[in-house]
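Q: Next comes the sequence, and after it the predicted model I'd like to discuss.
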Amino acid sequence: MTATFRTLDDIGDVAGKRVLVRVDLNVPMQDGAVSDDTRLRATLPTVTELADRGAIVLLLAHFGRPKGTPRPDMSLAPIVPAYTDLLGRPVRFVEDCSGPAAQLAVGDMKPGDVAILENTRFHAGEEKNDPVLASAMAALGDAYVNDAFSAAHRAHASTEGIARILPAFAGRAMQAELEALEKALGSPERPVAAVVGGAKVSTKLDVLRHLVAKVDHLVIGGGMANTFLAARGVAIGKSLAEHDLAGTALEILEAADRASCTVHLPYDVVVAKEFAPNPPSVRTCNVHEVASDEMILDIGPAAVEALADALKTCRTLVWNGPLGAFETPPFDAATVALARTAAALTKEGSLVSVAGGGDTVAALNQAGVADDFTFVSTAGGAFLEWMEGKALPGVAALQR
């Protein structure tokens with residue numbers, strides 16, 4: 001993967017050239033101000049490098065779901081002050097991302113200037129990948145850089161359309177993401193382990209089917225594990241499970257057997273009679289001892305220890321989703337413990353660890369180890385589609 005797309009190293013002399021950069025500025029806001037600037041900070045290396053090299057940098061982004069009509073509450077204008085502070089240089093706002101007004105504003109810019117263009121989704125053609133809109137956006141620039149992996153699974157005018165018209169390159173954040181993913185599943189060092197958690201098997205069926213053929217160890221956690229346990233005939237009490245997917249779960253287990261992939265399901269579990277923080281009825285038991293009025297809410301300590309031992313034999317780890325109901329103590333214990341093991345192995349250099357998805361990032365932050373993983377992707381949908389083995393249109397458009 002790393003050899004097939006062009007990066008900023010290939011863009012050549014950009015002094016005085018207008019570079020359209022697709023970024024992710026879809027950040028949470030509170031009382032008109034940015035409440036979490038993680039995504040803004042991710043764009044800084046690319047924007048700074050281009051501006052320092054004398055480019056006129058034009059940032060394209062969407063915000064919310066305005067459904068093709070301008071909405072003042074979804075304008076990118078309120079993001080400009082926070083972005084200016086982070087970038088440490090003036091950032092101007094352009095009231096459209098295509099057309100005469102944008103042309104006029106951009107025509108006035110000097111080398112090293114940076115502007116945020118208005119929400120691409122104010123145009124109905126954005127989500128339809130309309131070639132007319134893509135051409136109108138492309139007319140503003142001389143080159144195109146995509147630095148928004150989180151939007152790469154969508155074939156939109158600003159993520160895929162423009163890349164077909166202008167010379168297209170991956171930004172530094174996109175490059176880091178693609179290189180990390182290549183290390184994790186493209187051409188990984190084996191053995192490879194995958195941790196897949198979350199509430200429902202139905203949302204991760206394609207991921208599980210793809211992974212059993214790619215990895216050596218598949219750890220199934222969260223509510224999903226209950227569906228697999230039930231499919232194997234284990235009585236799981238009142239636990240959350242999708243009993244109608246029992247046949248599918250057994251098919252995945254059989255496919256894993258054929259591919260010599262070891263599937264890890266918990267053999268001890270943490271159960272309670274009610275789902276609430278620290279309920280009085282919490283206990284740890286063997287997976288075959290769950291009472292009819294109890295629900296499984298986390299993996300037990302013996303299972304976590306066995307998983308830690310398995311990880312110690314692996315060279316690569318891909319992680320998506322928590323092992324238990326991690327938002328509610330004490331059901332975060334397994335996720336935190338295994339994440340700390342993975343982080344320690346990464347720090348000592350024996351494991352390449354790549355994690356992604358919103359819940360996963362929150363869980364790793366809770367364990368205090370997000371910075372110790374090799375790479376943590378903040379992309380949700382794009383990360384999942386990559387784990388499913390699907391081609392991402394925004395990435396495919398950058399390939400040589």
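A: Everything's here; your move.
Q: Okay, strands next: where are they in the stretch 301-400 of the chain?
A: Secondary structure of the stretch 301-400 of the chain (DSSP state E, counting those that start in this stretch): strands at 316-320, 352-356, 375-377.
Q: Can you lay out those as a markdown table showing mean neighbour count, mean pLDDT and distance to residue 328?
A: From N, CA and C alone the C-beta is placed, and that goes for glycine too. Shown next, in a markdown table, are the strands of the stretch 301-400 of the chain (neighbours: other CB atoms under 10 Å; pLDDT from 0 to 100; distance: least, CB to CB, whole Å):
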| stretch | mean neighbour count | mean pLDDT | distance to residue 328 |
| --- | --- | --- | --- |
| strand 316-320 | 26 | 96 | 20 |
| strand 352-356 | 26 | 95 | 21 |
| strand 375-377 | 20 | 92 | 23 |
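Q: Can you lay out those strands as TSV showing distance to residue 186?
A: Written out in TSV, the entries for these read as follows (distance: least, CB to CB, whole Å):
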stretch	distance to residue 186
strand 316-320	11
strand 352-356	11
strand 375-377	13
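Q: For residue 266, which of the ones you listed is the nearest?
A: Between residue 266 and these, the shortest gap by CB to CB is with strand 316-320, which sits at 16.4 Å.
Q: Which secondary structure elements does the closest one sit against?
A: Of the remaining helices and strands, those touching strand 316-320 by 3 or more CB pairs under 8 Å, 6 or more residues apart in numbering; DSSP states H and E are strand 192-196, helix 333-347, strand 352-356, helix 381-387.
Q: what residues does that strand touch?
A: By CB atoms under 8 Å, 6 or more residues apart in numbering, the surrounding residues in contact with strand 316-320 are 183-185, 188-198, 204, 207, 211, 215, 311, 339, 342, 351-357, 360, 373, 383-384, 387.
Q: Show me the shaky parts of the stretch 251-400 of the chain.
A: Within the stretch 251-400 of the chain, the set of residues satisfying pLDDT under 70 comprises 400.
Q: contacting residues around the residue nearest to residue 112 when sequence neighbours are not counted?
A: Ranked by CB to CB, 6 or more residues apart in numbering and with sequence neighbours excluded, the top spatial neighbour of residue 112 is residue 51, at 5.0 Å. Neighbouring residues of residue 51 by CB under 8 Å, 6+ apart: 57, 89, 112-114.
Q: In three-state terms, label residue 51 for me.
A: Secondary structure of residue 51, reduced to three states by DSSP: H, G, I helix; E, B strand; the rest coil: helix.
Q: Now do it against residue 141, distance only.
A: Separation of residue 51 from residue 141 (CB to CB, to the nearest Å) stands at 14 Å.
Q: Give me the pLDDT value at the residue nearest to residue 112.
A: Listed pLDDT for residue 51 reads 98.
Q: And it, how close does it get to residue 135?
A: Spatial separation of residue 51 from residue 135 under the definition CB to CB is 26 Å.
Q: One more: residue 353?
A: When distance is defined by CB to CB, residue 353 is 42 Å away from residue 135.
Q: Repeat that for residue 337.
A: Per CB to CB, residue 337 is found 53 Å from residue 135.
Q: what does residue 340 give?
A: 51 Å.
Q: Repeat that for residue 123.
A: Spatial separation of residue 123 from residue 135 under the definition CB to CB is 12 Å.
Q: what about the two, which has more around it?
A: Ranked by neighbour count (other CB atoms under 10 Å), residue 123 and residue 135 place residue 123 first, with 25 against 15.
Q: Give me the secondary structure label for the nearest residue to that one once chain neighbours are set aside.
A: Leaving aside its sequence neighbours, residue 123 sits nearest to residue 133 (CB to CB, 6+ apart; 5.4 Å). Following three-state DSSP, the label given to residue 133 is helix.
Q: Now for residue 133: which residues touch it?
A: Applying CB under 8 Å, 6+ apart to residue 133 gives the contacts 98, 123, 125-126, 157, 161.
Q: let's go with 10 Å and repeat that
A: Contacts of residue 133 were listed using CB atoms under 10 Å, 6 or more residues apart in numbering, and they are 97-99, 120, 123-127, 156-158, 161-162.
Q: Next: residue 173.
A: Contacts of residue 173 were listed using CB under 10 Å, 6+ apart, and they are 23-24, 39, 41-46, 146-150, 378.
Q: Same question for residue 351.
A: 189, 193, 311-312, 314-317, 341-345, 373-374.
Q: Kindly recompute the last result at 6 Å.
A: Residue 351 makes contact with 317, 345, according to CB atoms under 6 Å, 6 or more residues apart in numbering.
Q: ok, it to residue 184 distance?
A: With the distance defined as CB to CB, residue 351 ends up 11 Å from residue 184.
Q: go on, residue 352?
A: Counting by CB to CB, the gap from residue 352 to residue 184 is 7 Å.
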